[in-house]
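1. Let's see this in three dimensions:
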Amino acid sequence: RTTPALRALARTARRQRTDLPRLVPLARRLTAAGEALTGPATDLGDLLESVEEQDGIENLLGIVYGAANAGNGFDASGHYLRGQVLSGVCGQYTNTPYFGCDAQFGEAQLEGDSETRAVAARSRGLTSTPAKAASPAAGESAPDSSGLLDYLLGEESR
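-> You can find the predicted model right below:
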């Protein structure tokens, strides 16, 4: 007389007689993939072992922690966020421009004389016309800039 467990095993074996042969091509492909990945898997294992031996994860997290603290602070009370208070003539956004502040929206016109408007427009990149160089007064000669050019460019470049 057979036990119920042996009868269930026989039913499963009859079913697997047709299912298992269909898995042979998949098993062959997985074997080939495993053999092809042996080298990269070994290299990855060596890399991860080296990272672990040299406390690589802790060091990487230390870099992240230090970068976060570059913008924040820490004192006896704990961490705090640094802020910057805007003050002065450019502290508020405005559509009405005024001299000394380039923090306006749009293309508003500056109040003031034409030279002031031209300087402000050039500083904001609204025009490409350069300012005229001041010419020496009558009887004076322009300053010699060769020493400065030699310093900036190097004497051998002239």
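
2. which residues of this protein fall in helices?
-> 4-19, 24-36, 38-53, 56-71, 114-123, 146-153 (DSSP state H).

3. quick one: low-confidence ranges for the protein?
-> For the chain, the stretches flagged by pLDDT under 70 are 1, 86-89, 91-100, 102-146, 148-149, 151-152, 154-158.

4. Try it again at 80.
-> Applying pLDDT under 80 to the chain flags the ranges 1-2, 69, 71-74, 79, 81-158.

5. okay, the helices of the chain in JSON lines with distance to residue 78 and mean neighbour count next?
-> Heads up, the C-betas are built off the backbone N, CA and C, glycines and all. JSON lines is the format used below for the helices of the chain (distance: least, C-beta to C-beta, whole Å; neighbours: other C-beta atoms under 10 Å):
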{"stretch": "helix 4-19", "distance to residue 78": "62", "mean neighbour count": "9"}
{"stretch": "helix 24-36", "distance to residue 78": "51", "mean neighbour count": "10"}
{"stretch": "helix 38-53", "distance to residue 78": "31", "mean neighbour count": "10"}
{"stretch": "helix 56-71", "distance to residue 78": "12", "mean neighbour count": "10"}
{"stretch": "helix 114-123", "distance to residue 78": "43", "mean neighbour count": "13"}
{"stretch": "helix 146-153", "distance to residue 78": "50", "mean neighbour count": "10"}
